[in-house]
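J.: Next one to model:
(one chain, ligands or ions: 1)
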Amino acid sequence: MTESETLSLEAPALPESPQDSALAEFAAAACRRLAGGILGTTGSGLRAVIEAEVRALQAALGDSAELHGVAAKHPPRFDRRGRVQVLTNPVMSHRNPLAPPLVHHHDGDESEFRVTLPLQYQGPRNSLHGGYVAVLLDDVLWHAVRQMAAGVSFTRELTITYERPVPLFEELRIIGRVTTIEGRKTFAEGEIIAGEAVCARARGLWISPKSSA
Ligand SMILES: CCCCCCCCCC(=O)SCCNC(=O)CCNC(=O)[C@H](O)C(C)(C)COP(=O)(O)OP(=O)(O)OC[C@H]1O[C@@H](n2cnc3c(N)ncnc32)[C@H](O)[C@@H]1OP(=O)(O)O
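T.: Take a look at the predicted model:
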């Protein structure tokens, strides 16, 4: 995958400094903490969470020294016309508060995310929402496909089997691998593992449009 394939094409045309990029990721991290705190605290605890994040953001805005030495993990790229392009992906982007902080790596034909998910991803009590189970598996399988197949492919079919609840608050391994490539079609499968337990499985088909194959 090249980063430009996951960049927004609608990004703002204004220039952006490395400090702006670091500030954006700092603000995204504050938004994530706020989301968890707003859901997980009440009363004076809630007020304390909000106050702490507002103070941190004000400090970072007022004095870039607060961010001194902090490099953005996903700084924007610039297209040939000099326009800023921002990585927007709601699973991978450090700048998107919807995306949880995860570690991603490829090994051979496998792609893997490691992540611990907080309260804002909850469906059943203490468990991951089933729709987000599918989101994570879709994305990790897409990355496996991107490594192995020519061109950029899009999810055509995705089947999820929910074997047991996916826990929040503990590290998950989310794994995708390619099983078969037939021309423009790539079949892949994967799973979400907590501890030693497979909680959900996925299999699906990714197709590269004729123009990109
Ligand atoms: C820049 C990208 C950044 C991505 C970031 C990560 C994203 C994570 C992954 C995603 O979520 S992608 C977003 C969700 N997916 C989409 O929005 C895709 C919407 N669907 C499409 O755009 C088109 O359906 C698609 C490009 C996938 C395929 O269109 P085509 O017109 O090229 O497919 P076509 O109908 O010609 O089928 C191609 C071949 O597959 C076969 N086929 C289709 N469905 C099948 C099926 N279910 N099983 C087996 N074969 C199948 C079909 O018969 C045909 O076989 P032949 O080549 O032999 O004629």
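J.: Please write out the alpha-carbon positions of stretch 119-128 in CSV.
T.: Provided in CSV are the C-alpha atoms of stretch 119-128 (Å, rounded to 0.1, in the frame of the first residue of the first chain):
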residue,chain,number,x,y,z
LEU,A,119,-15.4,2.0,26.2
GLN,A,120,-16.5,4.0,23.1
TYR,A,121,-16.4,0.8,21.1
GLN,A,122,-18.7,-1.1,23.4
GLY,A,123,-21.7,-3.0,22.2
PRO,A,124,-22.7,-5.6,24.7
ARG,A,125,-21.4,-4.9,28.2
ASN,A,126,-17.6,-5.1,28.2
SER,A,127,-17.6,-6.3,24.6
LEU,A,128,-16.9,-4.9,21.2
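J.: Going by neighbour count, list what's buried in it.
T.: Buried residues in stretch 119-128, counted by 16 or more other CB atoms under 10 Å: Q120, Y121, Q122, S127, L128. From N, CA and C alone the C-beta is placed, and that goes for glycine too.
J.: which parts of this structure sit against the ligand?
T.: 5-6, 89, 138-139, 142, 152, 154-157, 184-185, 205, 207, 209-210 (CB under 6 Å from any ligand atom).
J.: Show me how to select, in ChimeraX, the buried members of these.
T.: Those of the residues of the chain next to the ligand that count as buried under 16+ other CB under 10 Å are selected in ChimeraX with:
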select :6,89,138,139,142,152,155,184,205,207
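J.: In strands, which of the residues of the chain next to the ligand fall?
T.: Using DSSP state E, F154, T155, R156, E157, K185, L205, I207 are the members of the residues of the chain next to the ligand that sit in strands.
J.: Could you save those residues as a markdown table and add columns showing distance to L57?
T.: Shown next, in a markdown table, are those (distance: CB to CB, whole Å):
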| residue | distance to L57 |
| --- | --- |
| F154 | 37 |
| T155 | 36 |
| R156 | 41 |
| E157 | 42 |
| K185 | 46 |
| L205 | 43 |
| I207 | 43 |
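J.: Please tabulate the residues you listed in a markdown table, including the columns pLDDT.
T.: Shown next, in a markdown table, are those (pLDDT from 0 to 100):
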| residue | pLDDT |
| --- | --- |
| F154 | 98 |
| T155 | 98 |
| R156 | 98 |
| E157 | 98 |
| K185 | 98 |
| L205 | 98 |
| I207 | 98 |
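J.: Tell me the one among those nearest to F113.
T.: Nearest to F113 out of these is T155 (CB to CB; 16.4 Å).
J.: Okay, and the beta partners of the closest one?
T.: Beta-bridge pairing for T155 (DSSP bridges): W206.
J.: Give me the neighbour count for the nearest residue to P124 once chain neighbours are set aside.
T.: Using CB to CB, 6 or more residues apart in numbering and skipping the chain neighbours, the partner closest in space to P124 is P165 (6.0 Å). Neighbourhood size, P165 [other CB atoms under 10 Å]: 18.
J.: what sits against P165?
T.: P124, N126, S127, L128, C199 (CB atoms under 8 Å, 6 or more residues apart in numbering).
J.: again, only this time at 7 Å
T.: Going by CB atoms under 7 Å, 6 or more residues apart in numbering, P165 touches P124, S127, C199.
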